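J.: Using only what follows, build the 3D model:
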Amino acid sequence: MGRACRLLLVLGVVVGALAVPTASRAAVGLEGVPRYDHVVTIVLENQNYDKTWNTPAPGGGPTYIQALRSQGAFASQYYGVSHVSAGNYMALTSGVEPNPLFDTDCMASWFLCETSLKASLDGGRSIADQVENSGQTWKAYMDGMQTPCQHPAQTQIPDPYQTGYATRHDPFVYYPPIVENTTRCNSHVVPYTAMATDFASAATTPNYVFITPDTCNDGHDAPCANGAPGGLTSANAWLATEVPKILNSPAFTTENSLLLITFDENGFTDLPGCCGILAAGGGATTTALALGGHIGLVAIGAGVPAGKVVTTPYDHWSGLRTVEDALGISEHLNMAGLPTTQAMSALFS
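T.: So this is what the prediction gives:
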């Protein structure tokens with residue numbers, strides 16, 4: 001082979017390597033879910049499925065969240081498990097079933113909900129404990145939070161944090177192993193403004209990330225207290241600003257990372273769960289309480305086929321199981337551990 005041919009071959013190898021970045025080669029791990037260095041979950045609020053995913057933006061064309069489907073895979077049959085916020089956030093982070101306390105959003109007493117978890121059989125373990133026990137890192141970034149680990153005092157009744165930062169949208173301040181360890185909570189459950197510094201390098205980006213926009217940016221309020229329109233208009237505007245920062249961060253451009261975006265529940269236009277005994281076709285994956293409605297989920301990252309649509313029924317317990325698998329955690333908490341709860345392996349190729 002001549003020198004020129006050898007040079008062209010070397011250049012071809014180099015160009016080929018640059019054209020296929022590390023972040024495109026996620027190795028298959030547990031249950032067909034790729035093993036990721038970082039998994040980021042964003043949870044929005046209370047929106048009708050068809051309006052979210054099928055109604056064009058004003059003036060025509062897709063909304064920002066609709067356009068994201070072309071960058072990743074879309075779980076079109078993804079459901080919430082409760083029609084109260086707190087029950088869904090707890091399901092996503094510890095796999096627990098909705099219960100009467102959390103189905104009141106713990107508004108009457110944060111302390112009562114926290115102590116109920118402390119008295120539970122597992123003492124209120126969550127994915128945060130799983131991540132730390134596996135030698136990995138985690139943080140929850142809360143939009144609108146003023147101080148780390150912000151939550152009501154034991155004597156504050158009712159919960160004063162309802163607009164902007166909402167306690168009921170921050171599951172981690174209910175888990176006793178976190179909230180009763182002040183140092184741990186202050187360093188892991190932090191204002192959203194801290195994320196920019198952490199995401200500046202892959203080394204400081206946590207392996208597990210949970211993001212809750214404030215009650216205007218997540219679509220819950222409409223209109224918002226600051227005069228913004230709220231609903232999907234404000235949620236799409238927030239996503240359009242913040243999601244590119246995540247996808248362009250070193251964790252996503254140099255390592256294998258996954259972004260999941262979903263809602264806690266449908267906005268009461270749809271009631272059933274996907275896999276509960278009241279769902280069409282039966283099935284005993286969940287319970288009759290699994291009635292969070294049709295919400296959808298989009299996944300973007302290494303190993304996720306762009307534009308793929310998956311019609312397999314999933315819910316928040318499936319979401320938790322998938323995140324556990326993606327971080328190499330073979331233990332599955334509570335309802336996520338049922339033999340009939342499926343990991344969302346169909347999202348990946």
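J.: Please tell me how far the residue most central in space within the chain sits from Ile211.
T.: The residue lying closest to the centre of the chain (CA atoms, centre = their mean) is Thr41, at 2.6 Å. Note on Thr41: its distance to Ile211, by CB to CB, to the nearest Å, is 7 Å. The way it works is simple: take the backbone N, C-alpha and C, and place the C-beta from them, glycine included.
J.: What are the boundaries of the strands in the stretch 51-200 of the chain?
T.: Here the stretch 51-200 of the chain has its strands, by DSSP state E, counting those that start in this stretch, at 73-75, 78-79, 138-142, 189-191.
J.: so Ser257 sits right up against Ala251, yeah?
T.: Yes - taking CB atoms under 8 Å as the definition, Ser257 is a contact partner of Ala251 at 4.9 Å.
J.: any residues in contact with both of these two?
T.: Asp37, His38 (CB atoms under 8 Å, 6 or more residues apart in numbering).
J.: Thr204 contacts Ala196, doesn't it?
T.: No - using CB under 8 Å as the test, Thr204 is too far from Ala196 to be in contact (10.9 Å).
J.: And the nearest residue to Val310 once chain neighbours are set aside, what's its pLDDT?
T.: Leaving aside its chain neighbours, Val310 sits nearest to Ala346 (4.5 Å; criterion: CB to CB, 6 or more residues apart in numbering). We have a pLDDT of 96 for Ala346.
J.: helix, strand or coil for Ala346?
T.: Here Ala346 is recorded as helix under DSSP: H, G, I helix; E, B strand; the rest coil.
J.: swap in Ile300?
T.: Ile300 - assigned by three-state DSSP - is strand.
J.: Repeat that for Gly303.
T.: Secondary structure state of Gly303, per three-state DSSP, is coil.
J.: Tell me if I'm right that it and Ser349 touch.
T.: Yes - with contact defined as CB under 8 Å, Gly303 counts as touching Ser349 (6.6 Å).
J.: Out of these two, name the residue with the larger neighbour count.
T.: Gly303 (23 against 12; other CB atoms under 10 Å).
J.: So the more buried one versus Met107, what's the distance?
T.: Relative to Met107, and taking CB to CB, Gly303 is found at 40 Å.
J.: Show me where the stretch 51-200 of the chain has its helices.
T.: Listed in chain order, the helices of the stretch 51-200 of the chain (DSSP state H, counting those that start in this stretch) span 64-68, 85-94, 110-118, 127-133, 176-179, 182-188, 195-198.
J.: Out of the ones you listed, which gets nearest to Tyr78?
T.: helix 85-94 (11.6 Å; CB to CB).
J.: what helices or strands is the closest one leaning on?
T.: The contact analysis (3 or more CB pairs under 8 Å, 6 or more residues apart in numbering; DSSP states H and E) places helix 85-94 against strand 38-44, helix 127-133, helix 316-326.
J.: CA atoms of that helix as PDB?
T.: Output of helix 85-94 as PDB, limited to C-alpha atoms (Å, rounded to 0.1, in the frame of the first residue of the first chain):
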ATOM      1  CA  SER A  85     -48.900  14.900  42.200                       C
ATOM      2  CA  ALA A  86     -47.100  13.500  45.200                       C
ATOM      3  CA  GLY A  87     -48.100   9.900  44.500                       C
ATOM      4  CA  ASN A  88     -46.500  10.000  41.000                       C
ATOM      5  CA  TYR A  89     -43.300  11.600  42.200                       C
ATOM      6  CA  MET A  90     -42.900   9.000  44.900                       C
ATOM      7  CA  ALA A  91     -43.600   6.200  42.300                       C
ATOM      8  CA  LEU A  92     -40.900   7.600  40.000                       C
ATOM      9  CA  THR A  93     -38.300   7.600  42.800                       C
ATOM     10  CA  SER A  94     -39.100   4.700  45.100                       C
END
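J.: Specify the angle between it and strand 138-142 in degrees.
T.: 160 degrees (axes from the mean of the first three to the mean of the last three CA atoms, to 10 degrees).
J.: Send over stretch 27-44 as CSV, restricted to the C-alpha atoms.
T.: C-alpha atoms of stretch 27-44 as CSV (Å, rounded to 0.1, in the frame of the first residue of the first chain):
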residue,chain,number,x,y,z
ALA,A,27,-23.5,-0.8,25.8
VAL,A,28,-26.6,-3.0,26.4
GLY,A,29,-27.0,-3.6,30.1
LEU,A,30,-29.7,-5.0,32.3
GLU,A,31,-33.0,-6.2,30.7
GLY,A,32,-32.0,-4.8,27.4
VAL,A,33,-31.6,-1.3,28.7
PRO,A,34,-28.2,0.4,27.8
ARG,A,35,-25.8,1.1,30.6
TYR,A,36,-25.5,4.9,31.0
ASP,A,37,-23.0,7.2,32.8
HIS,A,38,-25.8,9.8,33.5
VAL,A,39,-29.6,9.6,33.6
VAL,A,40,-31.6,12.8,33.7
THR,A,41,-35.3,12.9,34.4
ILE,A,42,-37.5,16.0,33.9
VAL,A,43,-41.1,15.9,35.2
LEU,A,44,-43.7,18.3,34.0
